[in-house]
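Asker: Structure of the sequence below:
(one chain, ligands or ions: 1)
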Amino acid sequence: MQKKDIDWAALDFGYHQTDYSYVCDYAEGAWGEGGLTKDHTVTLSECATILHYCQECFEGLKAYTTEDGRIVCFRPDLNAERMEASARRLIMPPFPKERFLEAVREVVGANAAWVPPYGSGATLYVRPLMFGTGDTIGVRPSDKYQFRILVTPVGPYFKGGVTPIRIIVSDYDRAAPHGTGAIKAGLNYAMSLWPYEMAHAQGYDEALYLDAATRTYVEETGGANVILVDAEGRLVVPQSKSDSILPSITRRSLVTVARDLLGMEVIERPVRFDELGQFVECGLCGTAAVIVPVMSIVDSETDYIFNGGSDEIGPVLGELRRTLTGIQEGRIEGPEGWVVEIC
Ligand SMILES: *Cc1c(COP(=O)(O)O)cnc(C)c1O
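Answerer: Just a heads-up that it's a prediction; the model follows:
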C-alpha cells in the first residue's frame with residue numbers, strides 16, 4: 001500500500017480530510033448496518049437535538065504504525081466502554097462495544113494510506129462521535145441518532161522535544177458535583193473555551209479546574225487529567241469524591257505501568273490545591289501527548305514550581321512517559337491486550 005505523500009513530522013494537530021469516514025444511523029429502536037462513506041459532511045434537520053440540547057458524546061484514540069509495520073490502536077476497548085457510558089448518561093442508545101471495535105478496524109483499515117509511518121511521531125487520530133438527529137423541539141431525548149468515526153492524520157504533539165507548560169487556576173468551574181464531568185461530551189467543552197482563552201490571554205498554556213463545590217481540590221484541565229509525584233517518588237493521582245473527573249485511559253494506563261511495571265507506589269486520593277507545594281513533579285495526561293510536564297501552577301496568591309522550574313520533563317514522569325510510549329509503539333512488552341492490531 002502506497003502511503004500518502006505527506007511531510008508527516010511537520011503535520012499540525014488539525015483536521016485533514018481522508019478517504020473514508022464510518023457512519024451508522026439509529027432509528028426505530030435499532031442501529032442500522034453502518035459502513036464506510038466518502039461523504040465527510042452531515043446534513044441535519046434544523047431541529048435536531050444535537051443543535052438545541054447538545055445530545056452528543058465523543059471519543060479520541062490514535063492508530064499508528066509499530067516498528068514491525070503493524071497498524072495498531074491502544075486499548076480501544078476502553079474507548080468503546082467509555083462511549084457506552086457517556087451515551088447512557090445522555091439517554092442515547094450505546095453503540096455496542098463489539099461494533100465500535102469493528103468500525104474502528106474498518107475505517108482505519110480503509111484509510112491505511114493515511115496512517116503515518118513508524119518513527120515519524122505522527123499518528124492517525126480517530127474520533128468517534130454520536131449525536132441526536134431527530135427533530136424534537138420539546139426537551140426530551142431524540143428518537144434518531146448518528147454514530148460516526150472520522151480519522152485525520154496529526155503531527156507529533158511535541159515538535160522539538162517534550163516541553164513543560166505553565167498553568168493558571170481558573171476562576172470558572174468545569175464540572176458540577178454529580179454532574180457530567182465523568183463523561184466525554186461536547187457539553188463539557190463548550191463552556192471550557194472561555195476559561196481557556198482567559199488563561200491564554202494571561203500568558204498561560206492551560207487552565208486548571210478545582211472542584212466546583214469547595215474550590216479546594218485539584219480536578220483537571222479542560223482535556224487532560226493531572227498526575228503528581230511526591231518527594232518520596234510516589235505517583236499521586238487526584239480523585240474527586242463525586243465523579244467530576246473524566247476517567248482518562250492514559251491516566252489509568254500510567255497507574256498500571258507505575259504499579260506493576262515500575263514497582264512504584266501509587267496513591268489515588270483527593271488532592272487539595274494547597275498541598276501542591278509538596279510535589280516535585282506534575283504532569284497532564286491524555287491520548288494526544290501521553291504526558292505533558294507542568295513547570296508551574298499559579299493562582300492569585302501562590303506559585304507552585306515543579307521539577308525545579310526545569311525546561312525538561314522530570315525523572316519520574318520521564319520514565320513513565322518513556323515506558324508507556326514504549327509499550328504503545330511495541331518496543332516494550334505491556335499488559336496483554338493493550339496494543340490491538342487493526343491491520
Ligand atoms: C479525553 C479527556 C481526557 C483524557 O483522556 P484519555 O482517555 O487519556 O485521552 C482527560 N480529561 C478530559 C476532560 C477529557 O475529555
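Asker: What parts of the stretch 51-200 of the chain come near the ligand?
Answerer: The stretch 51-200 of the chain has residues 60, 184 near the ligand, with proximity defined as C-beta under 6 Å from any ligand atom. Every C-beta, even on glycine, is put in place using the N, C-alpha and C of the backbone.
Asker: burial count for whichever residue of the stretch 51-200 of the chain sits closest to the ligand?
Answerer: Closest contact between the stretch 51-200 of the chain and the ligand, by C-beta to the nearest ligand atom, is at residue 184 (4.9 Å). The tally of other residues near residue 184 (other C-beta atoms under 10 Å) stands at 23.
Asker: What pLDDT does the model give it?
Answerer: Looking at residue 184, its pLDDT reads 98.
Asker: Now it: phi and psi?
Answerer: Residue 184 adopts backbone torsions of phi -100, psi 90, taken as degrees, to the nearest 10.
Asker: The one helix or strand residue 327 maps to and the ligand, are they touching?
Answerer: Residue 327 belongs to helix 315-328 when elements are defined using DSSP states H and E. No - Helix 315-328 is not in contact with the ligand by C-beta under 6 Å from any ligand atom; minimum separation 10.7 Å.
Asker: ditto for stretch 282-292
Answerer: Yes - counting by C-beta under 6 Å from any ligand atom, contacts between stretch 282-292 and the ligand involve 286, 287.
Asker: Between the two ends of that stretch, how far is it?
Answerer: 9 Å (C-alpha to C-alpha, to the nearest Å).
Asker: One more: stretch 279-294?
Answerer: 11 Å.
Asker: quick one: average pLDDT of that stretch?
Answerer: 97.
Asker: Name the residues that touch the helix holding residue 327?
Answerer: 64, 74, 162, 227, 229, 233, 235, 250, 253-254, 257-258, 261-262, 264, 280-281, 283, 290-291, 293, 312-313, 332-334, 338-339 (C-beta atoms under 8 Å, 6 or more residues apart in numbering).
Asker: repeat that for 7 Å
Answerer: Contact with helix 315-328 is made by 74, 229, 233, 253-254, 257-258, 261-262, 281, 283, 290-291, 293, 313, 332, 334, 338-339, as judged by C-beta atoms under 7 Å, 6 or more residues apart in numbering.
Asker: from the middle of its chain, how far away would it be?
Answerer: 17 Å (C-alpha atoms, centre = their mean, to the nearest Å).
Asker: List the buried residues of that helix.
Answerer: For helix 315-328, a neighbour-count test (16 or more other C-beta atoms under 10 Å) marks 316, 317, 318, 320, 321, 323, 324, 327, 328 as buried.
Asker: Need the three-state assignment for the closest residue to residue 260 other than its chain neighbours.
Answerer: Leaving aside its chain neighbours, residue 260 sits nearest to residue 335 (7.3 Å; criterion: C-beta to C-beta, 6 or more residues apart in numbering). When classified by DSSP: H, G, I helix; E, B strand; the rest coil, residue 335 comes out as coil.
Asker: cool, and residue 104?
Answerer: helix.
Asker: returning to that earlier point: for the buried residues of helix 315-328, which one is nearest the ligand?
Answerer: residue 324 (10.7 Å).
Asker: which ones are touching residue 202?
Answerer: Shown in contact with residue 202 (C-beta under 7 Å, 6+ apart): residue 168.
Asker: which of the contacts of helix 315-328 are buried?
Answerer: Buried subset of the contacts of helix 315-328 (neighbour count, 16+ other C-beta under 10 Å): 74, 229, 253-254, 257-258, 261, 281, 283, 290-291, 293, 313, 334, 338-339.
Asker: ok, so of the residues you listed, who is nearest residue 204?
Answerer: residue 293 (14.7 Å; C-beta to C-beta).
Asker: A helix includes the closest one, no?
Answerer: No - Residue 293 is assigned strand when assessed by three-state DSSP, not a helix.
Asker: what separates it from residue 312, distance-wise?
Answerer: Using C-beta to C-beta, to the nearest Å, residue 293 is found at 8 Å from residue 312.
Asker: so what pLDDT did the closest residue to residue 172 other than its chain neighbours get?
Answerer: Excluding the flanking residues, the one nearest residue 172 by C-beta to C-beta, 6+ apart is residue 195, at 4.4 Å. Confidence at residue 195, expressed as pLDDT, is 96.
Asker: Can you tell me what sits against the helix or strand encompassing residue 195?
Answerer: Following DSSP H and E, one finds residue 195 within helix 193-201. For helix 193-201, contacts defined as C-beta under 7 Å, 6+ apart pick out 168, 170, 172, 206, 207, 222.
Asker: now do 10 Å
Answerer: By C-beta atoms under 10 Å, 6 or more residues apart in numbering, the residues outside helix 193-201 that reach it are 166-174, 189, 204-209, 221-223.
Asker: now the helices: where do they sit in the stretch 151-300 of the chain?
Answerer: Using DSSP state H, counting those that start in this stretch, the helices of the stretch 151-300 of the chain run over 187-190, 193-201, 249-256.
Asker: Pull up the distance across stretch 190-210, start to finish.
Answerer: Stretch 190-210 has an end-to-end distance of 18 Å (C-alpha to C-alpha).
Asker: same deal with stretch 84-99?
Answerer: One end of stretch 84-99 to the other measures 11 Å (C-alpha to C-alpha).
Asker: cool, and stretch 56-72?
Answerer: 27 Å.
Asker: Right, I'll call it a day here.
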